[in-house]
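Sequence first, predicted coordinates after that:
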Amino acid sequence: MVKRKSIEEAMTISNRMVAGALDELPPAKMHYSISSEEALKSAIDDYCLQYFGI
C-alpha cells in the first residue's frame, strides 16, 4: 500500500484503507487496521525527524 508513495500520500492512508486492502477485516479484528495506521504514521514521523529534523 505504501510502496512508491510520497510521504504526503502515505500520511493519508487510513485504517479503512488498510481494512479494505485486507479484504474487509471482520469487526472483531478491526483494531488491527487501526494499529497499522498508527504504526505507519509513527514510522513516517520518525523518518522525518531523523532525516529532515522535522
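Arrived safely.

Where does the prediction get shaky in this structure?
Applying pLDDT under 70 to the chain flags no residue at all.

the helices in it, which residues?
When assigned using DSSP state H, the helices of the chain occupy the ranges 7-11, 15-21, 30-52.

Measure how far the last one is from the centre of its chain, please.
Here helix 30-52 is found 6 Å from its chain centre; the criterion is Cα atoms, centre = their mean, to the nearest Å.

Who are the packing partners of that helix?
helix 7-11, helix 15-21 (3 or more Cβ pairs under 8 Å, 6 or more residues apart in numbering; DSSP states H and E). For the C-beta atoms, the positions are set from N, CA and C on the backbone; glycine is no exception.

In it, which residues are buried?
33, 36, 37, 40, 44 (16 or more other Cβ atoms under 10 Å).

Tell me the one among the residues you listed nearest to residue 6.
Nearest to residue 6 among the buried residues of helix 30-52 is residue 44, at 10.6 Å by Cβ to Cβ.

My guess is that closest one contacts residue 9. True?
No - using Cβ atoms under 8 Å, residue 44 is not in contact with residue 9, being 10.6 Å away.

closest one to residue 1 among the helices of the chain?
Across those, closest to residue 1 is helix 15-21 (Cβ to Cβ), at 5.5 Å.

now for the closest one, which elements pack on it?
Under the contact criterion of 3+ Cβ pairs under 8 Å, 6+ apart, helix 15-21 touches helix 30-52.

Contacts for the helix it packs on next, please.
Helix 30-52 is contacted from outside by 2, 7, 10-11, 13-16, 18-19, 22, 25, 54, using Cβ atoms under 8 Å, 6 or more residues apart in numbering.

now these: which count as buried?
Looks like the contacts of helix 30-52 have 10, 13, 15, 18, 19, 25 buried, using 16+ other Cβ under 10 Å.

Include distance to residue 48 when you put those residues into JSON lines, please.
Output for these, formatted as JSON lines (distance: Cβ to Cβ, whole Å):
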{"residue": "10", "distance to residue 48": "11"}
{"residue": "13", "distance to residue 48": "15"}
{"residue": "15", "distance to residue 48": "21"}
{"residue": "18", "distance to residue 48": "21"}
{"residue": "19", "distance to residue 48": "25"}
{"residue": "25", "distance to residue 48": "28"}
